[in-house]
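Student: Below: sequence and its predicted model.
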Amino acid sequence: MSKPKVAFYWCASCGGCEEAVVDLAEDILEVVKAVDITFWPVALDFKRGDVEEMADKELAVSFINGAVRSSEQAEMVHLLRAKSQLVVAFGSCAHLGGIPGLANTFDREAMFREVYSNVPGLDNEEGTVPVPESVVPEGTLSLPTLWDTVKTLDQVTEVDYYLPGCPPPVKLIKNAVNAIVSGQLPPHKSVLAPDIALCDECDRLATKPDKLSIKEFKRPHTSVIDPEKCILAQGFLCLGPVTRQGCDAACVKGNMPCTGCMGPTSRVHDFGTKALSAMASLADSNDENEIENILGKIVDPVGSFYRYSLPASLLHRGYVPSVQGGRKQ
Ligand code: SF4
Ligand code: SF4
């Protein structure tokens, strides 16, 4: 009997999700035994044409990581969707927009201006920026178009399942592959991780007071974190109470606060708002000015609360006044 065919593809991401697949270590041999990897450009020499030649739905599943922010990524995503029975949004960026999604606080022109004009030490006197088409003596060269707006995978195509995390934990990847190979799939469109808050799997839970109140929010590089006690109770912004579990509280084990990469549980519509309201409720004061002072210590609220989820949020992106209607794409 032929093995199910599987594809891995990356869009706008750092490459960490591909590393997570490699982190399966010798278990990757079990995966290879069970499935036939027929497209994995980062590791094996496959080309887009190989996918184009496949029959529709020939692939059992495509694991797609990264947010979608260019015409080329959108084309590949639509192509893989047509050739796949299942599409899994793999990792925070495909799931919620991820770190690349923070670019939604700018538009393309602003980013090009910064990268191609303002960066110190830049040697670009002619102010050259990427353009979709350039005519040269040999003909016309084309480049993918970078979008103004970074999108989650399910804002571009239909997604069947979500594997959360930055990157997804190895045990969740294994569980997902096993579920697909055995046909024992959870309900359609599930997030393939426990639907419970991270604190419940954290070794420090016993040291988290029932009633938390915080006089000062601190940043990890400004003070030493006690490795035995709840990090949030020490005043560091740990988002464990509002984050989905499944990573074994990996960052907390490394004595760093959780920044929320696994995203919210199913009961939360907007991760950033939930995180913001949870942290704001901990301010230890009834005085408006003092509360403002306590919360004012939280540097970069968008980066802190929407670090992985701005494109998936109700905000979706920053308002761009130069664009009619404030939104593009
Ligand atoms: S707030 Fe952070 S450190 Fe405290 S119990 Fe939750 S995950 Fe653990
Ligand atoms: S502790 Fe938080 S940030 Fe770290 S891997 Fe787990 S969910 Fe992600």
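Tutor: Sure thing, it's come through. Numbers count the residues shown, from 1 in each chain. Ligands and ions are numbered 1, 2, ... in the order given.

Student: any idea of the pLDDT on the residue lying closest to P301 once chain neighbours are set aside?
Tutor: Closest residue to P301 apart from its sequence neighbours, by Cβ to Cβ, 6 or more residues apart in numbering: L276 at 6.9 Å. Glycine gets a C-beta too; all of them are placed from N, C-alpha and C. pLDDT recorded at L276 is 95.

Student: which stretch of helix or strand covers L276?
Tutor: Element membership for L276 (DSSP states H and E) is helix 271-280.

Student: Quick check: mean pLDDT of the next helix or strand after that helix?
Tutor: Later in the chain than helix 271-280, the nearest helix or strand by DSSP H and E is helix 288-296. Here helix 288-296 scores 93 as its mean pLDDT.

Student: From the contact counts, what lies against helix 288-296?
Tutor: Helix 288-296 is packed against helix 271-280, with contacts defined by 3 or more Cβ pairs under 8 Å, 6 or more residues apart in numbering; DSSP states H and E.

Student: ok, so what distance separates N175 from ligand 1?
Tutor: Between N175 and ligand 1 the computed distance is 22 Å (Cβ to the nearest ligand atom, to the nearest Å).

Student: cool, F271 as well?
Tutor: For F271, the distance to ligand 1 - Cβ to the nearest ligand atom - is 15 Å.

Student: repeat for I37
Tutor: From I37 to ligand 1 the distance is 35 Å (Cβ to the nearest ligand atom).

Student: who does that residue bridge with?
Tutor: Taking DSSP bridges as the rule, I37 bridges to V6.

Student: Test my guess that it contacts L44.
Tutor: Yes - using Cβ atoms under 8 Å, I37 is in contact with L44, at 6.9 Å.

Student: Which of these two has more residues huddled nearby?
Tutor: More neighbours surround I37 than the other of I37 and L44, with 17 against 10 (other Cβ atoms under 10 Å).

Student: check contacts around the more buried one.
Tutor: Listed by Cβ atoms under 8 Å, 6 or more residues apart in numbering, the contact set of I37 reads 6-8, 31, 44.

Student: Any idea how many residues pack against A82?
Tutor: 16.

Student: which one is it nearest to, not counting chain neighbours?
Tutor: D56 (5.5 Å).

Student: My guess is the one you found contacts K83. True?
Tutor: Yes - between D56 and K83 there is a contact at 6.2 Å, judged by Cβ under 8 Å.

Student: pLDDT weak spots in the stretch 201-329 of the chain?
Tutor: Within the stretch 201-329 of the chain, the set of residues satisfying pLDDT under 70 comprises 321-329.

Student: now the strands for the stretch 101-250 of the chain?
Tutor: Using DSSP state E, counting those that start in this stretch, the strands found in the stretch 101-250 of the chain span residues 133-136, 139-142, 146-151, 161-163.

Student: got a list of contacts for the helix or strand where F8 lies?
Tutor: Using DSSP H and E, F8 maps to strand 5-10. Residues from elsewhere that reach strand 5-10, judged by Cβ under 8 Å, 6+ apart: 17-18, 21, 35-43, 51, 58-66, 76-77, 80, 83-84, 90.

Student: For that strand, output the C-alpha coordinates as PDB.
Tutor: Output of strand 5-10 as PDB, limited to C-alpha atoms (Å, rounded to 0.1, in the frame of the first residue of the first chain):
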ATOM      1  CA  LYS A   5       2.200  11.900   0.800                       C
ATOM      2  CA  VAL A   6       3.200  14.900   2.900                       C
ATOM      3  CA  ALA A   7       4.500  18.400   2.100                       C
ATOM      4  CA  PHE A   8       6.300  20.900   4.300                       C
ATOM      5  CA  TYR A   9       6.400  24.600   3.200                       C
ATOM      6  CA  TRP A  10       7.500  27.900   4.700                       C
END
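
Student: ok, and does the helix or strand that that strand is followed by reach over to ligand 2?
Tutor: Sequence-wise, the next helix or strand downstream of strand 5-10 (DSSP H and E) is helix 16-22. No - Helix 16-22 lies out of reach of ligand 2 by Cβ under 6 Å from any ligand atom, never closer than 11.0 Å.
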